[in-house]
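Engineer: A structural model of the following input is requested.
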Amino acid sequence: MIINIIQIVLAVLLIVTVLLQRQGSGLSGAFGGEGEFHHTKRGAEKYLFVATVILSILFFGTALANIVL
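Structural biologist: Model prediction:
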(Lines give C-alpha, C1' and ligand atoms only; values in the text may rest on other atoms or scores of the structure.)
Protein backbone atom coordinates (compact mmCIF):
# COMPACT_ATOMS: atom_id res chain seq x y z
CA MET A 1 0.00 0.00 0.00
CA ILE A 2 2.71 2.47 0.94
CA ILE A 3 4.74 1.55 -2.15
CA ASN A 4 1.79 2.49 -4.36
CA ILE A 5 1.56 5.93 -2.77
CA ILE A 6 5.31 6.47 -3.13
CA GLN A 7 5.12 5.40 -6.77
CA ILE A 8 2.27 7.84 -7.49
CA VAL A 9 4.18 10.72 -5.87
CA LEU A 10 7.34 9.83 -7.81
CA ALA A 11 5.36 9.64 -11.06
CA VAL A 12 3.89 13.11 -10.53
CA LEU A 13 7.30 14.56 -9.66
CA LEU A 14 8.86 12.88 -12.69
CA ILE A 15 6.20 14.32 -14.98
CA VAL A 16 6.75 17.80 -13.53
CA THR A 17 10.52 17.67 -13.96
CA VAL A 18 10.19 16.47 -17.55
CA LEU A 19 7.71 19.22 -18.40
CA LEU A 20 9.86 21.91 -16.78
CA GLN A 21 12.82 21.11 -18.99
CA ARG A 22 13.52 23.25 -22.01
CA GLN A 23 10.94 22.84 -24.77
CA GLY A 24 13.32 23.13 -27.75
CA SER A 25 15.50 20.15 -26.96
CA GLY A 26 12.91 17.59 -27.98
CA LEU A 27 12.33 15.70 -31.19
CA SER A 28 12.34 18.81 -33.36
CA GLY A 29 15.99 19.42 -32.49
CA ALA A 30 16.91 15.98 -33.79
CA PHE A 31 15.60 16.84 -37.25
CA GLY A 32 17.10 20.33 -37.44
CA GLY A 33 14.10 22.21 -36.08
CA GLU A 34 16.01 24.92 -34.27
CA GLY A 35 19.54 24.74 -35.60
CA GLU A 36 21.21 25.42 -32.29
CA PHE A 37 24.74 24.37 -31.40
CA HIS A 38 25.93 22.08 -28.62
CA HIS A 39 25.90 23.62 -25.16
CA THR A 40 26.53 22.41 -21.64
CA LYS A 41 23.80 22.29 -19.04
CA ARG A 42 24.07 25.07 -16.48
CA GLY A 43 22.13 26.21 -13.46
CA ALA A 44 18.53 25.10 -13.15
CA GLU A 45 18.70 23.08 -16.37
CA LYS A 46 21.43 20.88 -14.88
CA TYR A 47 19.51 20.38 -11.62
CA LEU A 48 16.34 19.47 -13.52
CA PHE A 49 18.27 16.93 -15.59
CA VAL A 50 19.83 15.33 -12.51
CA ALA A 51 16.48 15.33 -10.70
CA THR A 52 14.85 13.64 -13.70
CA VAL A 53 17.48 10.89 -13.74
CA ILE A 54 17.23 10.32 -9.98
CA LEU A 55 13.42 10.30 -10.01
CA SER A 56 13.33 7.87 -12.91
CA ILE A 57 15.69 5.48 -11.10
CA LEU A 58 13.60 5.71 -7.93
CA PHE A 59 10.40 5.17 -9.92
CA PHE A 60 11.88 2.10 -11.60
CA GLY A 61 13.01 0.78 -8.23
CA THR A 62 9.57 1.18 -6.68
CA ALA A 63 8.00 -0.49 -9.71
CA LEU A 64 10.31 -3.48 -9.24
CA ALA A 65 9.59 -3.53 -5.51
CA ASN A 66 5.88 -3.46 -6.25
CA ILE A 67 6.25 -6.54 -8.46
CA VAL A 68 8.38 -8.45 -5.95
CA LEU A 69 6.32 -7.63 -2.86
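Engineer: need the contact list for residue 10.
Structural biologist: Contacts for residue 10 (C-beta atoms under 8 Å, 6 or more residues apart in numbering) come out as 55, 58-59, 62. Heads up, the C-betas are built off the backbone N, CA and C, glycines and all.
Engineer: Just put the residues you listed in CSV and tack on pLDDT.
Structural biologist: Listed next are these as CSV, based on pLDDT from 0 to 100:
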residue, pLDDT
55, 97
58, 98
59, 97
62, 97
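Engineer: what about burial for those residues, which qualify?
Structural biologist: Neighbour-count burial (16 or more other C-beta atoms under 10 Å) applied to those gives 55, 58-59, 62.
Engineer: how about CSV for these, with secondary structure added?
Structural biologist: Below are the buried ones among the contacts of residue 10 laid out as CSV (DSSP: H, G, I helix; E, B strand; the rest coil):
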residue, secondary structure
55, helix
58, helix
59, helix
62, helix
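Engineer: Could you look up the SS state of residue 42?
Structural biologist: Reduced to three states with three-state DSSP, the structure at residue 42 is coil.
Engineer: count of neighbours near it?
Structural biologist: Using other C-beta atoms under 10 Å, residue 42 has 8 neighbouring residues.
Engineer: picking that back up, possible to save the contacts of residue 10 as a markdown table with distance to residue 16?
Structural biologist: As requested, the contacts of residue 10 are exported to a markdown table (distance: C-beta to C-beta, whole Å):
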| residue | distance to residue 16 |
| --- | --- |
| 55 | 9 |
| 58 | 14 |
| 59 | 13 |
| 62 | 17 |
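Engineer: Identify, from these, the entry nearest to residue 7.
Structural biologist: Closest approach to residue 7 among these (C-beta to C-beta): residue 62, at 4.5 Å.
Engineer: show me what contacts residue 58?
Structural biologist: Contact analysis of residue 58 by C-beta under 8 Å, 6+ apart lists residue 10.
Engineer: returning to what we had before: so which of the contacts of residue 10 is the closest to residue 4?
Structural biologist: residue 62 (8.7 Å).
Engineer: Tell me if I'm right that that closest one and residue 3 touch.
Structural biologist: Yes - using C-beta atoms under 8 Å, residue 62 makes contact with residue 3 at a distance of 5.8 Å.
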